[in-house]
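J.: turn this into a model:
(2 chains)
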Protein chains: 2
Amino acid sequence: MTDRAETAGTAYEPLTTETLAARLGSVGAITDKLGGDTDHWDVAEVGDGNLNLVFIVRSDRGAVIVKQALPYVRLVGDAWPLPLKRAFFEYHALIRQAARDPGSVPEVYHFDEEQALIVMEFLSPHVILRHKLMAGERIEGLARRMGEFCARTLFRGSDLGMDTAERKADAALFLGNVELCDITENLVFSDPYFDAEMNHHTPGLDPLVASLRADSDLKIAAQELKAAFASNAETMLHGDLHTGSIMVTERETRVIDPEFATYGPMGFDIGMLMANFFMAYYAMPGHIAEEAARREYQEWILGVIGEIWEVFAAEFSRLWRSERRGILYQASLFEDQGDHLGAEQALARRLAHIWRDTLGFAGIEIIRRTLSLAHIAENDRIEDEALRASCEGRGLVLARALAVGRGEFAGMDSVLSLARAIEKRDWA
Amino acid sequence: MTDRAETAGTAYEPLTTETLAARLGSVGAITDKLGGDTDHWDVAEVGDGNLNLVFIVRSDRGAVIVKQALPYVRLVGDAWPLPLKRAFFEYHALIRQAARDPGSVPEVYHFDEEQALIVMEFLSPHVILRHKLMAGERIEGLARRMGEFCARTLFRGSDLGMDTAERKADAALFLGNVELCDITENLVFSDPYFDAEMNHHTPGLDPLVASLRADSDLKIAAQELKAAFASNAETMLHGDLHTGSIMVTERETRVIDPEFATYGPMGFDIGMLMANFFMAYYAMPGHIAEEAARREYQEWILGVIGEIWEVFAAEFSRLWRSERRGILYQASLFEDQGDHLGAEQALARRLAHIWRDTLGFAGIEIIRRTLSLAHIAENDRIEDEALRASCEGRGLVLARALAVGRGEFAGMDSVLSLARAIEKRDWA
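T.: Residues are numbered from 1 along each chain as shown, chains lettered A, B, ... in the order given. This is a model prediction of the structure:
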């Protein structure tokens, strides 16, 4: 899959549309896909994310994606340096995700650590899920795919499924992803709760922001979840699993961009994912004018949230019963002694633990996407400030309830009922 | 402190009383203590632990301890290999503990990674605490010193006190201590709950052992605590903090042998420590015949347990208020906004979390020291099997209540009352 020898030893240099063909034209893994006639490669830079260079390279034989890290945050420039090694972590996360949930992520053709670049499958005609949500389009199988992805990657990267020496070595490896964890630790868990430099929010939210920053219970919840994120190395997380990290067609769902991968608590990925659907749900008044159509699409979004959890729990349970070969909850203590019910009781408690974390992280993610640096397109594209404030404000109200009350929801129905009640409420 | 150059590059070879002086006689850090007249060094092998070679080396100028790892478990022999690198982890733990709680551990004079040996301060006239407990002797300041040791090492090795990049690097370093963690993971958390090969227990306990192995709630508690031990890298633990890892005089307390060091949950060290005092408490009928004297000494032991927690909580709180400079619960969210009470509320919740873990780990430790491979001398030296079974059995009853009910004790008084009630109960 990788043939580093061909480019190894060359000092890092960012690619350009002009130099790409010459520099990568001798990499077998790429010419296998595009052929060797580099004069006729068509190279376009398409990076619309915040951090990296992304090229589509096409020939008459095929197309590949070339993603290269820059030594700073692209969105901000070299005032915010960011290490190239994030490409290393993205590569390592991608190959693990591919092994744990085959077909879920783009296939990696080539990785060059020195150049911080990954050449991978070009997904077409896939688009970023966030755009489909703003367009009010439905994706067949979306919730099922994401529920399975979470269950398989989170279970199989943990001491439930892995050999523990391997799990510990992997946890140690990903502890090197310090700078990207630092971004999460600051932007997600702390910045929203004080007057941090890069914060910004819709002006109409001022009173709500002041009340959240004065809310000790909420701040403590955020810090308890931060402590879990920073130290509870349960499994390899995607680390940035929002609706901008998912590419879809009408019928297919793929997950991209795991450069924030780190070992952390299972609920982090699922919670972040749910949070982004909740925000899309509340943003719909800014995207679908016709009320009946909007309500119908909003219910579809809530259905996706409910089904993600349902599929996650079912698939996690299936893996618990069939692949529990790690050091935790060994069969020798349960099934081998005829104590099948003990294993089921343990599973129920484990799911309850993940459920509580999931709701907490979901709340924290909504708050940070509304008050901290990186907001979501669904809200940003609402030009009417008062309307945007009402969409974002509803999200914040739900978020606070989820984060502080994460241990007090009996199940998804209660969460969705609360979400609907907040949506119906008049906004002052 | 270390001068590896002098012995570096030499292939590993176990020391003997005959070769030690010749092999270490040119190490400056040692001759500084003993002088260079190696002909008059007196070398005695005194290792009474389960794993390593331990020498006392004396001259007319002083004395040092030389501790060298063997490539197998000394107690078992080369049928149970164990990597030499545990000396590396012991060394790294010792220097961190010395920095975090000065004077708490033996001073390290010299470390040789290749030879897996540490030369350190000879503690004299210190003896292992376990022996003092069997002799019914009291140690002035014991509880205070251990409470402070736990608070300082656990707080200062965590994201509450450390720079997080440094904490993550340290967590990654100690994730390499796989084989010693594996011993803990098996012997402590799993072996007691099924018919594991190395298990042994006093025959009179058979019915109780059968009921514990059939107890789903207890097995689930053990596995939930194992999951926390294996993945919740809150802080650098001593990892084996029992009363055999503490050396004392009448007035001084020092902590030794941190080769099981790993990142894990704070409650693990405190819980293991408390467990060993509880077991000593129940073992006293085997050591102090006179009832009034026995009851008085037993109350002293319970007092030590209570005071360890009290001092731990007070010192942890002091550090929380004065040294909370890590990424968790930053002052920017609390004190800097005038929210001093929020920080105090967060502290109370954090202590409650550690309290719950502590009780759980205490229960698990009592069970493993009674049913798994390594028992405690206080029980082993009771020759009367029926008496021994009653001492051990009482411990098991308390242990089950602590492990399963760890979330349900309002404070230390409830725990000590329960311990006393179990002690008073007739033993069938």
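
J.: thought A:I246 was touching A:E252?
T.: No - look at A:I246 against A:E252 with Cβ atoms under 8 Å: they stay out of range, at 10.6 Å. All C-beta spots, glycine's among them, are computed from the backbone N, C-alpha and C.

J.: and the two? Which one has more around it.
T.: Shown here are A:I246 and A:E252; by other Cβ atoms under 10 Å in any protein chain shown, A:I246 has more neighbours (24 against 16).

J.: separation between the closest residue to chain B within the stretch 151-300 of chain A and A:L402?
T.: Using Cβ to the nearest Cβ, the closest approach of the stretch 151-300 of chain A to chain B is made by A:S216 at 3.4 Å. Distance of A:S216 to A:L402, given as Cβ to Cβ, to the nearest Å: 17 Å.

J.: quick one: which of these two has more around it?
T.: A:L402 (29 against 18).

J.: ok, which residues in the stretch 201-350 of chain A are in contact with chain B?
T.: A:213-214, A:216-217, A:219-220, A:222-224, A:226-227, A:230-234, A:263, A:327-330, A:332-334, A:336-337, A:339, A:341-342, A:345-346, A:349 (Cβ under 8 Å from any Cβ of the partner chain).

J.: which strand or helix spans the residue minimising distance to the centre of chain A?
T.: Central residue of chain A (Cα atoms, centre = their mean): A:L241, 0.7 Å from the mean position. Under the criterion DSSP states H and E, no helix or strand holds A:L241.

J.: same check, this time on A:R254
T.: Going by DSSP H and E, A:R254 is in strand A:253-255.

J.: for that strand, name the packing helices and strands.
T.: helix A:142-156, strand A:246-248 (3 or more Cβ pairs under 8 Å, 6 or more residues apart in numbering or on different chains; DSSP states H and E).

J.: quick one: low-confidence ranges for chain A?
T.: For chain A, the stretches with pLDDT under 70 are A:1-9, A:49, A:428.

J.: which residue packs closest to A:T184, ignoring adjacent ones?
T.: Excluding its sequence neighbours, the residue lying closest to A:T184 (Cβ to Cβ, 6 or more residues apart in numbering or on different chains) is A:F260, at 6.3 Å.

J.: that neighbour: which element?
T.: Assignment of secondary structure by DSSP H and E places A:F260 within no helix or strand.

J.: ditto for A:A389
T.: Using DSSP H and E, A:A389 sits in helix A:385-404.

J.: so for that helix, what gets flagged as buried?
T.: The neighbour-count check on helix A:385-404 (16 or more other Cβ atoms under 10 Å in any protein chain shown) flags A:387-404 as buried.

J.: what are the ranges of the strands in chain A?
T.: A:42-45, A:52-58, A:63-69, A:72-73, A:77-81, A:108-112, A:117-121, A:127-128, A:235-237, A:246-248, A:253-255, A:262-264 (DSSP state E).

J.: and those strands: which comes nearest A:Y297?
T.: With Cβ to Cβ, the closest approach to A:Y297 among these belongs to strand A:246-248: 15.4 Å.

J.: which helices and strands sit right next to the closest one?
T.: Checked by 3+ Cβ pairs under 8 Å, 6+ apart, strand A:246-248 has strand A:127-128, helix A:129-134, strand A:253-255 packed alongside it.

J.: try 10 Å this time
T.: strand A:127-128, helix A:129-134, helix A:142-156, strand A:253-255 (3 or more Cβ pairs under 10 Å, 6 or more residues apart in numbering or on different chains; DSSP states H and E).

J.: burial count for A:N177?
T.: Using other Cβ under 10 Å: A:N177 sits among 25 other residues.

J.: how much space between the spatially closest residue to it that is not a sequence neighbour and chain B?
T.: Nearest residue to A:N177, sequence neighbours excluded (Cβ to Cβ, 6+ apart): A:F89, at 4.6 Å. To chain B, A:F89 is 13 Å away according to Cβ to the nearest Cβ, to the nearest Å.

J.: do the same with A:R406
T.: 13 Å.

J.: residue contacts, that residue?
T.: A:221, A:224-225, A:267, A:271, A:355-364 (Cβ atoms under 10 Å, 6 or more residues apart in numbering or on different chains).

J.: re the thing from before, just the buried residues of the residues of the stretch 201-350 of chain A next to chain B.
T.: Buried, going by 16+ other Cβ under 10 Å: A:213, A:216, A:219-220, A:222-224, A:226-227, A:230-234, A:263, A:327-330, A:333-334, A:337, A:339, A:342, A:345-346, out of these.

J.: out of the residues you listed, list just those in helices.
T.: Residues of these located in helices (DSSP state H): A:213, A:216, A:219-220, A:222-224, A:226-227, A:230-231, A:342, A:345-346.

J.: turn those into TSV, including distance to A:G35.
T.: Formatted as TSV, these follow (distance: Cβ to Cβ, whole Å):
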residue	distance to A:G35
A:R213	58
A:S216	63
A:K219	57
A:I220	59
A:A222	52
A:Q223	54
A:E224	55
A:K226	49
A:A227	52
A:A230	47
A:S231	49
A:G342	59
A:Q345	58
A:A346	54
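
J.: could you identify the most distant pair in those residues?
T.: A:R213 and A:G342 (45.1 Å).

J.: got a list of what the residue of the stretch 301-428 of chain A found nearest chain B touches?
T.: Relative to chain B, the nearest point of the stretch 301-428 of chain A is A:G342 (3.4 Å; Cβ to the nearest Cβ). Residues near A:G342 by Cβ under 10 Å, 6+ apart: A:329, A:333-335, B:214-220, B:223.

J.: do that again at 7 Å, thanks
T.: By Cβ atoms under 7 Å, 6 or more residues apart in numbering or on different chains, the contact set of A:G342 is A:334, B:216, B:219-220.

J.: which non-adjacent residue is nearest the residue nearest to the centre of chain A?
T.: Using Cβ to Cβ, 6+ apart, the closest residue to A:L241 is A:D269 (4.5 Å).

J.: mind checking how far the closest residue to A:W80 other than its chain neighbours is from chain B?
T.: Closest residue to A:W80 apart from its sequence neighbours, by Cβ to Cβ, 6+ apart: A:V73 at 4.1 Å. A:V73 sits 18 Å away from chain B, taking Cβ to the nearest Cβ as the criterion.
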